[in-house]
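Novice: when you get a sec, could you give me coordinates for this:
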Amino acid sequence: MTCNFLKILCGVSIGAGAQPVNAEFIGELLLRDVAADYENHGESDPGHTEFELLVDYSYRDANGTVWNVPAGTVVNGASIPRVVWNSIGGPWSGKYRNAAVIHDHLTVERPSSSEVVHRLFLDGMLENGVNPVRARLMYAAVVTFGGRWNEAGNFVAGGDPIEMTMTDLENLETYLNSNDPSLAEIANLKIDDIR
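Specialist: Below you'll find the model as predicted:
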């Protein structure tokens, strides 16, 4: 990205076929590109996706709980491996970026279980108008590869984040299309289900 500031105004629209979750993003997503301040950590974090929130940003879920991301927090957008950018899009290229900012912060802080945090990502994407098929795929990807932790914020056995490959994405998409799993079934997906 060539600009130093990225200003994203959050609209609340629902994609075709999606059901509203009666949730909303609160505030203006105002970010500063700080990639030059960070080291390249490999393919999944190519060192040019970091942005700092310049103002507080929040998401109110369907239950009325407000999830805050304070100004000064550094996020990297949807943690999409570079290898799948052509298929899904880059970390900041889609309507999912608002939900990704909330998700990024919550996956670091882990104030609730991964089940709750990952579901907030799905609900936020749908609330912001992400196509339901794309949102479902991205949700399945974070559930399967993004790590699992309990209410205390501790990773569960076998719950460490796993690097996703292009083959993994293709297998995941095939699995979703072939099995048409419910959201509850997607929430319980394991690597072995798709590899």
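
Novice: state the helix or strand in which the closest residue to Val75 other than its chain neighbours lies.
Specialist: Spatial nearest neighbour of Val75, excluding adjacent residues (C-beta to C-beta, 6 or more residues apart in numbering): Asp104 at 4.0 Å. (C-beta placed from N, C-alpha, C; glycine too.) Secondary structure from DSSP states H and E places Asp104 in helix 97-109.

Novice: now do stretch 143-158: distance to the chain's middle.
Specialist: Chain-centre distance of stretch 143-158: 15 Å, with C-alpha atoms, centre = their mean, to the nearest Å.

Novice: put the alpha carbons of it into PDB.
Specialist: Provided in PDB are the C-alpha atoms of stretch 143-158 (Å, rounded to 0.1, in the frame of the first residue of the first chain):
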ATOM      1  CA  VAL A 143     -11.900 -22.300  12.800                       C
ATOM      2  CA  THR A 144      -9.700 -24.900  11.200                       C
ATOM      3  CA  PHE A 145      -6.400 -23.100  11.000                       C
ATOM      4  CA  GLY A 146      -6.600 -20.100  13.400                       C
ATOM      5  CA  GLY A 147      -6.200 -21.900  16.700                       C
ATOM      6  CA  ARG A 148      -8.500 -23.000  19.500                       C
ATOM      7  CA  TRP A 149      -8.500 -21.900  23.000                       C
ATOM      8  CA  ASN A 150     -10.700 -22.200  26.100                       C
ATOM      9  CA  GLU A 151     -12.600 -19.500  28.100                       C
ATOM     10  CA  ALA A 152      -9.400 -18.900  30.200                       C
ATOM     11  CA  GLY A 153      -7.500 -18.000  26.900                       C
ATOM     12  CA  ASN A 154      -5.300 -21.100  27.000                       C
ATOM     13  CA  PHE A 155      -4.800 -23.100  23.800                       C
ATOM     14  CA  VAL A 156      -6.400 -26.500  24.000                       C
ATOM     15  CA  ALA A 157      -4.500 -29.700  23.100                       C
ATOM     16  CA  GLY A 158      -3.900 -29.600  19.400                       C
END
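
Novice: any idea of the mean pLDDT for that stretch?
Specialist: For stretch 143-158, mean pLDDT rounds to 91.

Novice: likewise for stretch 66-80?
Specialist: Rounded mean pLDDT across stretch 66-80 is 86.

Novice: stretch 94-112 now?
Specialist: Stretch 94-112 comes out at a mean pLDDT of 90.

Novice: that stretch: how far from the chain's middle?
Specialist: Mean-position distance between stretch 94-112 and its chain equals 6 Å (C-alpha atoms, centre = their mean).

Novice: my read: the residue nearest to Val75 touches Asn76, true?
Specialist: Yes. Using C-beta atoms under 8 Å, Asp104 is in contact with Asn76, at 6.3 Å.
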